[in-house]
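Enquirer: this is a predicted model, with the sequence first.
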Amino acid sequence: MNGKEIVKEIMNKKNEQNKTFAAKLKISPSALCDRLKTDSAKDLSITTLKDMLLMLDYEIQVVPLGTKVPEGGYKIK
């Protein structure tokens with residue numbers, strides 16, 4: 001999964017609406033849609049991904065290669 005897919009999946013799990021999530025991020029709903037467009041080859045920057053995940057009560061961690069992903073966690077490929 002890439003960063004955009006992970007954010008979308010977490011939003012779905014938490015029933016987070018685009019309008020509400022955009023307000024938390026202090027951006028417009030259309031800006032959120034632009035960030036999460038999957039037809040763009042460009043993924044989210046690490047800073048943008050970090051900010052979005054924090055608003056969803058997730059964080060980015062760096063672990064040794066081969067470390068098992070905990071239940072409820074995600075791995076960016």
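Expert: Arrived safely.
Enquirer: any idea which helix or strand carries residue 5?
Expert: Assigned by DSSP states H and E, residue 5 belongs to helix 3-13.
Enquirer: list the buried ones in that helix?
Expert: Buried positions in helix 3-13, judged by neighbour count with 16 or more other C-beta atoms under 10 Å: 3, 4, 6, 7, 10, 11. Every C-beta, even on glycine, is put in place using the N, C-alpha and C of the backbone.
Enquirer: which single one of the residues you listed is nearest to residue 41?
Expert: Nearest to residue 41 out of the buried residues of helix 3-13 is residue 4 (C-beta to C-beta; 11.0 Å).
Enquirer: and the host helix or strand of residue 23 with helix 3-13, angle?
Expert: Element membership of residue 23 [criterion: DSSP H and E] is helix 18-25. If you take axes from the mean of the first three to the mean of the last three C-alpha atoms, to 10 degrees, helix 18-25 sits at 110 degrees to helix 3-13.
Enquirer: for the closest residue to residue 28 other than its chain neighbours, give me its contacts.
Expert: Distances taken as C-beta to C-beta, 6 or more residues apart in numbering place residue 22 nearest to residue 28, at 6.1 Å, with adjacent residues excluded. The neighbourhood of residue 22, defined by C-beta atoms under 8 Å, 6 or more residues apart in numbering, consists of 28, 29, 31, 32.
Enquirer: mind checking which of these are buried?
Expert: Using 16+ other C-beta under 10 Å, the buried members of the contacts of residue 22 are residue 32.
Enquirer: in helices, which of the contacts of residue 22 fall?
Expert: Under the assignment DSSP state H, the contacts of residue 22 contribute 29, 31, 32 to helices.
Enquirer: how about the contacts made by residue 27?
Expert: So residue 27 contacts residue 35 (C-beta under 8 Å, 6+ apart).
Enquirer: assign residue 48 to helix, strand or coil.
Expert: Going by DSSP: H, G, I helix; E, B strand; the rest coil, the secondary structure assigned to residue 48 is helix.
Enquirer: can you count the residues close to residue 16?
Expert: 17 (other C-beta atoms under 10 Å).
Enquirer: including pLDDT, could the buried residues of helix 3-13 go into JSON lines?
Expert: Output for the buried residues of helix 3-13, formatted as JSON lines (pLDDT from 0 to 100):
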{"residue": "3", "pLDDT": "94"}
{"residue": "4", "pLDDT": "95"}
{"residue": "6", "pLDDT": "96"}
{"residue": "7", "pLDDT": "97"}
{"residue": "10", "pLDDT": "97"}
{"residue": "11", "pLDDT": "98"}
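Enquirer: lovely, talk soon.
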